[in-house]
Structures are given as structure tokens and as C-alpha cells.
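Peer 1: Provided below for reference: sequence and predicted model.
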Amino acid sequence: MSLNDSTREKIEGLLQQDRVVLFMKGTPQAPMCGFSAKTTGMLDSILNDYSSVDVLQDQDIREGIKEFGNWPTIPQLYINKELVGGCDIVTAMFNNGELHEMLGIEAPDLTPPEITITDAAAGKILEAIAGNDGIGLHFRVDAGWQSQFDLAPAEGHEIKVEANGITLLFDVVSAQRASGAVIDWTETIEGEGLSISLPQAPRAVNQMTVDELKQVLEEDKIILIDVRGSDERAQASIEAARRMDGDTMAEVEGMPKDTALAFICHTGQRSQVAAEHFRKLGFENVSNVTGGIDAWSQHIDPAVPRYKG
């Protein structure tokens, strides 16, 4: 496939918009492939802002970007209009500090994390990896603070930690997120398995009642964000709530991480997703309004109409 002039101009225009541009599947908030998710996870950990292009939304861009940079896979990272590479190259550069240097930011912290593995957990792990000589045990913590073990060859850039007779390999971001982790083996009525405590993880989303919301709004101690669309807000709304749009997102993401945030929708499901997004960004005081504006109508202000949907 040859790259036509129209598609080339479109790509060149996208590269003009920002210093850092990632061509990916999906968006940073909702990546649609594992490689895109991994790459955005690295970028999110070191950059407050960068541009992304969802190639799934434009077939010409999806195929054209491969021809443009003579690179066959997605995602592709560009810095200053120059192709850096795909997920594997970005990962290697991220872990050895080259990406940080290219972006002009502080080199990554390569301090090995303090990890505790209990005797019970160590026994089970050693049993599971027996016979896999020469294969490394990787411990990863993703942007959503979900942890997992992988058996794979070492790539050479990992941070190595010895704990209770077990060698763990970490990428840079996982090492920072895993600091202070305790790995145990637990047995409950639901079953048995590894239990991993991550003290660096942001506090879980708080479930706030409408009575509690009323109090903190009266005390002006929280920012309330309505994640519903304009049609629903026209049917029922709370005067103090800000609408969720691009400007609000950008403003809130730039606020101190201890800012108190609450998210509301119709019944509390969509707002939970939004609250989780900001928790994953590192915000420490995030609440979801349980029951949503429907509960507000029933228990706080009957003048706010109830609606179906």
C-alpha cells in the first residue's frame, strides 16, 4: 500500500499538534489492545499531557501511519515529529532512562523496592516455578494497580529484588508501585491463593451517600462533577454540580492530588467508572455518589425531578 498525499498531510497535521503524539488503538483512558495499554501506562507515569490518535477511528490513518514511518505495528510513539518506535522499543527506552532523557525529564528511580514474601507464599511460588530454570519471574503492577506474575526471559533492563529465596524482576513503574508490597498466601471459604498488599496504591473510591454529599456541599468541601450527558442534565440537575466535559477534565487533572472530588450520574454506575479513572490518576480523596441524582431526588430535594433511563 502506498501512502497518498491526503493521508500524509493528515498525519503531518496530527504531528504538528503536540510534541508527543501516540498513535494507538483506543484512547489512554480506554486502550483497545494490550500494547497500547502498556505504552500509555508508561507515558501517563511521566507526562501530564500528550496527544493520542485512535487509529481505530480512521482506517486511512490506521494503515497510513505504518507507511508514513515504515513501521508495521501499532502503537507508534512520535516525539518532535520523529518516530521513536513501538511498544517494545518504548519499554526498553523507558526502563533504561533514554525516554526520560529524550523528553528532558528527571531520570527514573531505579531503587529496588522493599518486598516482603511470607514463608507460606514463598513455598507456593517456588512450587509453581519449579522446572523453569533460566526463566525470570516478573512482577508487574499496572496503571489500575492490578498486580500479576509472569514467567518470561529477562530482557536485561529489569530491577532485581531478592525476597525470601525468590528473585523478582520489575520494570521501572512496577518497582515504584510495588514499594512496601507484602505477598502472602491466604485460605478462605472462597478458596486459596496469593494475597498482595500494595501500600502505594491510591485509596479506594469512597461510596458517598446523598446525605453526606449534601453536608460537604454546604460546607464547600468538595467538587461535584456530573458525568451525565446534556439531555439527562436538562431533566434533573444539582446546581452545584459541574458538567463533565473536556475543559472540566483538564482543569481537574491539574489540581492537587488531595482535592476532594465526587462524581454523580443517574444511579451511581457511570459515576463509579469516572471516579475510578481519577483514582488511577493518583487522586487520594475520590467519592462516588451512591444512588446518583435519583437518590438525591428521593431523599434530599424532591423538587429535582426523577426520570427513567
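Peer 2: That came through fine.

Peer 1: What segments of the stretch 101-250 of the chain are helices?
Peer 2: Using DSSP state H, counting those that start in this stretch, the helices found in the stretch 101-250 of the chain span residues 119-129, 172-177, 210-218, 230-235, 246-253.

Peer 1: For those, could you give me a markdown table that also reports mean neighbour count and distance to Asp150?
Peer 2: Where you see a C-beta, it was placed from the backbone N, CA and C, and this is true even at glycine. Listed next are these as a markdown table, based on neighbours: other Cβ atoms under 10 Å; distance: least, Cβ to Cβ, whole Å:
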| stretch | mean neighbour count | distance to Asp150 |
| --- | --- | --- |
| helix 119-129 | 15 | 11 |
| helix 172-177 | 22 | 11 |
| helix 210-218 | 16 | 41 |
| helix 230-235 | 12 | 42 |
| helix 246-253 | 12 | 31 |
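
Peer 1: Show me the one of those that comes nearest His266.
Peer 2: helix 230-235 (6.4 Å; Cβ to Cβ).

Peer 1: if we can go back for a sec, can you lay out the helices of the stretch 101-250 of the chain as CSV showing distance to Ser147?
Peer 2: Below are the helices of the stretch 101-250 of the chain laid out as CSV (distance: least, Cβ to Cβ, whole Å):
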stretch, distance to Ser147
helix 119-129, 13
helix 172-177, 8
helix 210-218, 31
helix 230-235, 37
helix 246-253, 25
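
Peer 1: Identify whichever of those helices lies nearest to Arg279.
Peer 2: That would be, of those and by Cβ to Cβ, helix 246-253, which comes in at 12.5 Å.

Peer 1: The helices of the stretch 101-250 of the chain: which one's closest to Cys265?
Peer 2: It's helix 230-235; of the helices of the stretch 101-250 of the chain, that one is closest to Cys265 (Cβ to Cβ) at 8.1 Å.

Peer 1: gap between that closest one and the chain center?
Peer 2: 29 Å (Cα atoms, centre = their mean, to the nearest Å).

Peer 1: Grab the CA positions of that helix and hand them over as CSV.
Peer 2: The C-alpha trace of helix 230-235 is given here as CSV (Å, rounded to 0.1, in the frame of the first residue of the first chain):
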residue,chain,number,x,y,z
SER,A,230,-26.8,17.3,28.4
ASP,A,231,-30.2,15.6,27.8
GLU,A,232,-30.2,14.0,31.2
ARG,A,233,-28.9,17.1,33.0
ALA,A,234,-31.8,19.1,31.4
GLN,A,235,-34.2,16.7,33.0
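
Peer 1: got any ranges where the stretch 1-150 of the chain has weak pLDDT?
Peer 2: Applying pLDDT under 70 to the stretch 1-150 of the chain flags residues 1.

Peer 1: just the strands in it please.
Peer 2: Using DSSP state E, counting those that start in this stretch, the strands of the stretch 1-150 of the chain run over 20-24, 51-54, 76-79, 82-85, 116-117, 136-141, 147-152.

Peer 1: for the fourth one, which positions count as buried?
Peer 2: This means strand 82-85. 83-85 (16 or more other Cβ atoms under 10 Å).

Peer 1: So which other helices or strands are in contact with it?
Peer 2: Strand 82-85 is packed against strand 76-79, helix 87-96, with contacts defined by 3 or more Cβ pairs under 8 Å, 6 or more residues apart in numbering; DSSP states H and E.
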